[in-house]
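# fold the following.
(chains A, B, C and D)
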Protein chains: 2
Amino acid sequence: MTCVTTAAAEPADEPAAPPHPAGEGTEEKPRRARGEQTRQLILETALRLFRERGYTETTMRAIAKEAGVAVGNAYYYFDSKEHLIQGFYDRNQLAHRVAAEPVLANEKDFAARLRGVLHAGIDVNVPYHSFAATFFKSAAEPSSPLSPFSRESSPAREAAIAIFRDVVDGSSAKLDPELRKELPELLWLSWMGVVLFWVYDRSPDQRRTRRLIDGIVPLVDRLVGLSRLRVLRPALRQVLALIDTIRRD
Amino acid sequence: MTCVTTAAAEPADEPAAPPHPAGEGTEEKPRRARGEQTRQLILETALRLFRERGYTETTMRAIAKEAGVAVGNAYYYFDSKEHLIQGFYDRNQLAHRVAAEPVLANEKDFAARLRGVLHAGIDVNVPYHSFAATFFKSAAEPSSPLSPFSRESSPAREAAIAIFRDVVDGSSAKLDPELRKELPELLWLSWMGVVLFWVYDRSPDQRRTRRLIDGIVPLVDRLVGLSRLRVLRPALRQVLALIDTIRRD
DNA sequence: GACACCATTTGAACGTGTTCAAGAAGGGCT
DNA sequence: AGCCCTTCTTGAACACGTTCAAATGGTGTC
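Numbering: from 1, shown residues only, chains lettered A, B, ... in the order given. Got it, this is the predicted structure:
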């Protein structure tokens, strides 16, 4: 209950930068530090065990024991076992951004940018493919805070969409201004589709997903290019109108 | 608690035909009957409780008690609580077929057929929207037998695709023969997308889903119509090639 | 009738995620 | 110092899904 606020308040920066700027003294504990430290300890331990044993096989008792705390303590910081995944979620979001940076900085071609970003997204997730399925199961429940469409995931979702906005804005492609406005979100949605495919992908090294990306990017590129074609104008308007209709409830 | 009757007797539309290995020397009557009856009783009771209280809120103990059997007995017939959903799955599949029948029989226009089938699919699911979300959660796990892509769901999946094959075959639309071959499966995939949208749809009476259908059907119709256009031929080939590539692992 | 066999049924027991009432650990105040 | 208040920590207890060795019961065989 109480930890909901703390958890949801600053989820973005916990993976990389610890909130310890300078005063590294042991006595410098302004009330917050002790709790935050425990929180991090539990999260780190949990993610490590998830990686080592898988999600379902890792029990809350094991996490607590390994972290050297009581099981109830974990529930003081995290509402449920599933909420521990949120940490994984945020961390990978950030890793995706970092991995996509080179392509976004150097490449101008739309297709190349999109392709790079999609592959980068898969790259950072590869180590977790085995238990991503279970994790995905949790995310699939609409009422779950882990759902990519949920309010709680809103920051992470916005951050993800921002990457695709970058893909569009930094590209040399010329396209319909109205489409340009909607494209980032549409690309993000496609990305969710790719992730869905990836989760289900049982081929070695998930190479089918790689091929899906390589195949679908030129298609999207072509479609986007064709968007200025006269014959397709009405269809484009139709799509945009539909999106608008659905969005306004 | 000998409630043998009402629950089991009412719905005679059980899709599972009794196994008739005709040609075996054994007597066909008594041995199997008792077990099958219990199995049905448990399934009926479970589905009723799911409808009344929701999936998560219905405990296996409650199902067993209500059915007048021991918990272990339910596990003799069903591997897990999730496996009980498979019954729900099959039943709705059949209901979809039935509900779509009138449209498929009377309508010739492709768009109208597709629209009718999609709305019919939502219609039969409406009563279960509240717990469909939880049920969907189970189906989302790739390893789960409930996954629409799993081997266990193969029959139900084929049956569903068959509906869309009917949509295509019975329509007056003229389209590329290669596309025609793939279209049923593509439409089924779109249907899965619509269901996904529906599960997440929180608008009253899920009216956003209805609008999504009404909006997307003309689009698909248009796209299918355009498929014979010269400019789009290469793109179409590209799509079909991609599907082929992915399919062959 | 007696026995064996196998499908069926039982309910206690196990391990799990989660809750909760109680306490410990400090820091700020008088 | 003494007290209060918030933050943090504890571990037993609960309800659930699931398992399993044992009991039951009907059917075929001798």
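# phi, psi of A:Ser203?
phi -70, psi 150 (degrees, to the nearest 10).
# A:Asn106: neighbour count?
10 (other C-beta atoms under 10 Å in any protein chain shown). For glycine as for every other residue, the C-beta is placed from the backbone atoms N, C-alpha and C.
# so which residues on chain A come close to chain B?
Neighbours of chain B within chain A, by C-beta under 8 Å from any C-beta of the partner chain: A:133-134, A:136-138, A:140-144, A:147, A:149, A:199-200, A:202-203, A:208, A:211-212, A:215-216, A:218-219, A:222-223, A:226, A:229, A:231, A:235, A:238-239, A:241-242, A:245-246, A:249.
# try 6 Å this time
A:133, A:137, A:140-142, A:149, A:200, A:203, A:208, A:211-212, A:215, A:219, A:222, A:235, A:238, A:242, A:245-246, A:249 (C-beta under 6 Å from any C-beta of the partner chain).
# only whichever of these are buried, select them in PyMOL.
To isolate in PyMOL the members of the residues of chain A next to chain B that are buried, counting by 16 or more other C-beta atoms under 10 Å in any protein chain shown, one can use:
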select buried, chain A and resi 133+137+140+141+142+200+208+211+212+215+235+238+242+246
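# okay, and which of the residues of chain A next to chain B map to strands?
Among these, DSSP state E puts none in strands.
# among the residues of chain A next to chain B, which ones lie close to DNA strand C?
The subset of those within reach of DNA strand C, counting by C-beta under 7 Å from any atom of the strand, is empty.
# and the helices in chain A, which stretches?
A:2-9, A:32-53, A:60-67, A:71-77, A:83-106, A:110-125, A:129-140, A:154-169, A:177-200, A:207-226, A:233-247 (DSSP state H).
# now for those helices, which one comes closest to B:Leu175?
Nearest to B:Leu175, of all these, is helix A:233-247, at 16.3 Å by C-beta to C-beta.
# does anything pack onto that closest one? Which helices or strands?
helix B:207-226 (3 or more C-beta pairs under 6 Å, 6 or more residues apart in numbering or on different chains; DSSP states H and E).
# same for the helix it packs on, what does it pack against?
Helices and strands touching helix B:207-226, by 3+ C-beta pairs under 6 Å, 6+ apart, are helix A:233-247, helix B:110-125, helix B:177-200.
# and that helix, how far out from the chain's middle?
Here the centre of helix B:207-226 is set off from its chain's centre by 21 Å, with C-alpha atoms, centre = their mean, to the nearest Å.
# got it, and stretch A:139-150?
With C-alpha atoms, centre = their mean, you get 13 Å for stretch A:139-150.
# and what of stretch A:89-101?
7 Å.
# how many residues are close by the residue nearest to A:Ala112 when sequence neighbours are not counted?
Take A:Ala112 and drop its neighbours on the chain: the residue closest to it by C-beta to C-beta, 6 or more residues apart in numbering or on different chains is A:Val103, 7.3 Å away. Using other C-beta under 10 Å, the number of residues around A:Val103 comes to 19.
# A:Val103 reaches A:Gly116, doesn't it?
Yes. Between A:Val103 and A:Gly116 there is a contact at 3.1 Å, judged by C-beta atoms under 6 Å.
# quickly list what's touching both of those two.
Here A:Val103 and A:Gly116 share no contacting residue, scored by C-beta atoms under 6 Å, 6 or more residues apart in numbering or on different chains.
# quick revisit: any idea which of the helices and strands packed on helix B:207-226 scores lowest on pLDDT?
The minimum mean pLDDT among the helices and strands packed on helix B:207-226 belongs to helix A:233-247 (a mean of 86).
# tell me the contacts of the most centrally placed residue in chain A?
Centroid check for chain A by C-alpha atoms, centre = their mean gives A:Gln93 as the closest residue, at 4.0 Å. Counting by C-beta under 6 Å, 6+ apart, A:Gln93 touches A:156, A:159.
# any idea how far it is from B:Thr59?
Per C-beta to C-beta, to the nearest Å, A:Gln93 is found 37 Å from B:Thr59.
# again with A:Arg247
39 Å.
# comparing those two, which shows the higher neighbour count?
Taking neighbours as other C-beta under 10 Å, A:Arg247 and B:Thr59 compare with B:Thr59 leading, 13 against 10.
# for DNA strand D, see how far away the more buried one is.
Using C-beta to the nearest atom of the strand, to the nearest Å, B:Thr59 is found at 3 Å from DNA strand D.
# now A:Asn125
Counting by C-beta to the nearest atom of the strand, the separation of A:Asn125 from DNA strand D is 27 Å.
# ok, A:Tyr76 next?
Counting by C-beta to the nearest atom of the strand, the gap from A:Tyr76 to DNA strand D is 4 Å.
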